[in-house]
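Visitor: For reference, the sequence and a predicted model appear below.
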Amino acid sequence: MRRSGWAAWLRLLVGAGVLVALVWHLGSAAFLAGLRRIDAGTLLAALAIGLLTTVLSAWRWCLVARGLGLRLPLGRAVADYYRALFLNAVLPGGVLGDVHRAVGHRGGAGDLGRGVRAVILERAAGQLVLLVCGAAVLLVRPSPVSSALAHALASPGVALPAAALCAVALAAAGWWCLRRRTGHTERAEARQGLPSRAVWPGVALSSVAVLAGYLTMFVLAARVAGVDAPTAELVPLVVLALLAMALPVNIGGWGPREGAAAWAFGAAGLGAAQGLTASVVYGVLAFAASLPGALVLLVRWAAGARVDRRPQFELEERVLAEQGAPQRRT
């Protein structure tokens, strides 16, 4: 197995290790407590929130694709996005669904590169808005979590490893950029894809609305888990958990999110077990919100949309190899 494959599996093991450590310290009851409280009404609410966030995310994808010169109808984008969410949730790595939609939309001329860049830029826009809004909330909104986080980062035992980790990440990013140098045309397309005046307002607006949907889903999960703290007090805790979920060491979103939620709720005096339970409920609701993607898969399979999968399979393997994800076996 190549180094990239080992790195991908190592990231999965880190996410699994976080979950095992939480079970070890907090017990399995924290995982199971909230699941008993999920009812049909909660699942319907999750599906409604998921529909809103998925449509907005698909619209963002359409805008970025249009900026790159690709035509992507909104209806097809919504179906492909639902499918990607479902595949990300059920397959290892959490990115295979995005690889699938990137390869599946290559443009009329079969331009794989622009299709991949459209997906990468669309996801990057969402992560950027999450980082900016999350940092603003943690800095502006007074909370015990902000104080605990600032105190932890000021400690040499935390600050030095965090600085070393950031240095390694920046060095790795720099090496990757040098290794994956792009040509003038690709750089021009990337600049056109997001900062274009015709594109970025819609991308920013949809990203903020999607983030609001994620926050609403997490607050709903906290209520189901029995957390009765005011919503204004929950928002910084939820933001920290969502930021942790963006770390590339998770299993379908699971792992760092649960660890961050347990720590944040504990620092806020709400109890680490309740934070873990709320995060578990959120994971279940997010999975339920992605289930229409399974229906998309079944409908397209029944319609014979994939008569010959081998060419696209090879393209997906190529993209996975470039992104450093673990290779699948035929």
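Guide: Received the coordinates, thanks.
Visitor: from what I can see residue 55 touches residue 78, true?
Guide: Yes. Judged on Cβ atoms under 8 Å, residue 55 makes contact with residue 78 at a distance of 5.6 Å. Glycine gets a C-beta too; all of them are placed from N, C-alpha and C.
Visitor: How about the contacts made by residue 221?
Guide: Taking Cβ atoms under 8 Å, 6 or more residues apart in numbering as the criterion, residue 221 is in contact with 34, 278, 279, 281, 282, 285.
Visitor: Next: residue 125.
Guide: When contacts are counted by Cβ under 8 Å, 6+ apart, residue 125 touches 60, 64, 194, 203, 204, 207.
Visitor: now for those, which pair is the farthest apart?
Guide: The largest separation in the contacts of residue 125, counting by Cβ to Cβ, is between 64 and 204 at 11.8 Å.
Visitor: between the two, which one's more packed in?
Guide: Just comparing residue 64 and residue 204: by other Cβ atoms under 10 Å the higher neighbour count belongs to residue 64, 28 against 16.
Visitor: Would you list the phi and psi of that one?
Guide: Dihedral angles of residue 64 (phi, psi; degrees, to the nearest 10) stand at phi -60, psi -40.
Visitor: Could you check how far it is from residue 293?
Guide: When distance is defined by Cβ to Cβ, to the nearest Å, residue 64 is 20 Å away from residue 293.
Visitor: what does residue 103 give?
Guide: In this structure, residue 103 and residue 293 are 16 Å apart, going by Cβ to Cβ.
Visitor: And residue 137, by the same measure?
Guide: If you go by Cβ to Cβ, the gap between residue 137 and residue 293 works out to 30 Å.
Visitor: Repeat that for residue 63.
Guide: Relative to residue 293, residue 63 is positioned 21 Å away (Cβ to Cβ).
Visitor: same question, residue 208
Guide: Residue 208 sits at a distance of 24 Å from residue 293 (criterion: Cβ to Cβ).
Visitor: Which one's more surrounded, those two?
Guide: It is residue 293, of residue 208 and residue 293, that has more neighbours when counted by other Cβ under 10 Å, with 24 against 16.
Visitor: Please look at the more buried one and residue 83 and confirm they touch.
Guide: Yes. Using Cβ under 8 Å, residue 293 and residue 83 qualify as a contacting pair, with a distance of 4.5 Å.
Visitor: Now for the two: what residues contact both?
Guide: Residues touching both residue 293 and residue 83 comprise residue 97, with contact defined as Cβ under 8 Å, 6+ apart.
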